[in-house]
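Student: Got a predicted structure plus its sequence, pasted below:
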Amino acid sequence: MNTYERARAYAGRIDSTAGQGGHAAAFSVALALGRGFGLPKDDAWQLLFEWNAANARPPWSEPELKHKLAEAISNGTKPFGYLLDAAARPESWLLPKPAGPSEAEAAAQDRMRWPIMRPPTTNEVDRVADLRHVPPQAVAILANAELIHVGTYQARPCFFLREGKLCQARAMDGQPLRGSSMAVKSLNLKGSRGTYFGAGLLGGKGSTGAAPPVLLVEGVVGLLEAVAAAYLAEADHVWTVGAVTQAGAGLPAEILDRLSGRRVRLVPDNDPAGQAGSEKLAAQLAAAGAIVDGVRLPAGCKDIGDILRDSAVHIETLKSIFKI
């Protein structure tokens, strides 16, 4: 086994999990690859990049990884090659990893630790509506569908967009929450899984009557904005809505089956990632038998949320989104 292979094996035994010492674990890997095995910088980066995809939950961003590697390489407390002395350092790390819970089991355990949630009161519905610049009726629609809840997270009042195994938290004061490495406006709770939000609004093939067309937007909170847009455009009695969790996220087979034969209108975020993701999604939906078209938002509007912030000015745009 050459040095490169030894370094890969060493890194493969270390996992980085957000909220469970993930930063320290990631830095220890960067330190081992950047100094411990005396690797060239390009080789250290390649192995760190591979390790991140396989062992970090969630994966670190590329800028974060590069920062950790630069810090590790400049760390003068350990000499280059300090892990190469096999005689002084038994290679017990080459033994198979001890058995632990599978990824699915670990996620299920994380979901059991989610905070207690309850339906929002009328005042809380109004508060969420003010935060998101949407009519209270839109929040009430999702609350009645059991897709919006409230509770306490990080010792702060929060509202939660939740369905099945997917749950996203946002603070009721509009301020950021603590993420794994930075403050964030929205935070998917540990154990969250899923690429589609709003299945409970979708109906199914067994529903009576013609299935309504679906407006499909991007982002979990985008579902609330899409409901608000339909309400303001007076199209909520004709259309239903859904959301993909991120640009480029594919849809599960069960959702594709329920969309087969239906009109699906895509409203991607008005940026390169949103447009590229929309093209992939359109191809997937068309292959599943959906009738797909799309709407491009006006210049200066990244998503429907931007339109809702000045809905009186953009009311005709809102109505055009739902025009058949």
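Tutor: Okay, I see it.

Student: What's the first helix or strand after the helix or strand hosting Lys280?
Tutor: Assigned by DSSP states H and E, Lys280 belongs to helix 272-287. Following helix 272-287 in sequence order, the next helix or strand is strand 291-294 (DSSP H and E).

Student: That next one - contacts with which helices or strands?
Tutor: Judged by 3 or more CB pairs under 8 Å, 6 or more residues apart in numbering; DSSP states H and E, strand 291-294 is in contact with strand 263-267, helix 272-287. For every residue, glycine as well, the C-beta is placed using N, CA and C.

Student: any idea which helix or strand comes after the one helix or strand in the chain whose mean pLDDT sits lowest?
Tutor: One helix or strand of the chain scores below all others by mean pLDDT, DSSP states H and E: strand 16-17, with a mean of 83. Downstream of strand 16-17, the next assigned helix or strand under DSSP H and E is helix 22-31.

Student: Restricting the selection to alpha carbons, write that next one to CSV.
Tutor: C-alpha atoms of helix 22-31 as CSV (Å, rounded to 0.1, in the frame of the first residue of the first chain):
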residue,chain,number,x,y,z
GLY,A,22,-18.2,17.6,12.7
HIS,A,23,-15.8,20.6,12.4
ALA,A,24,-13.1,18.9,14.6
ALA,A,25,-13.4,15.7,12.6
ALA,A,26,-13.1,17.5,9.2
PHE,A,27,-10.1,19.5,10.4
SER,A,28,-8.4,16.3,11.7
VAL,A,29,-8.8,14.8,8.2
ALA,A,30,-7.4,18.0,6.6
LEU,A,31,-4.5,17.9,9.0
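
Student: Contacts made by that helix with the rest, please.
Tutor: Residues outside helix 22-31 that contact it (CB atoms under 8 Å, 6 or more residues apart in numbering): 11, 14-17, 44, 48, 51-52, 55-57, 60, 65, 68-69, 71-72, 75, 78, 180-181.

Student: Filter those residues down to the buried ones and express that as a PyMOL selection.
Tutor: Buried subset of those, written as a PyMOL selection, criterion 16 or more other CB atoms under 10 Å:
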select buried, resi 11+14+15+16+17+44+48+51+52+55+56+57+60+65+68+69+72+180
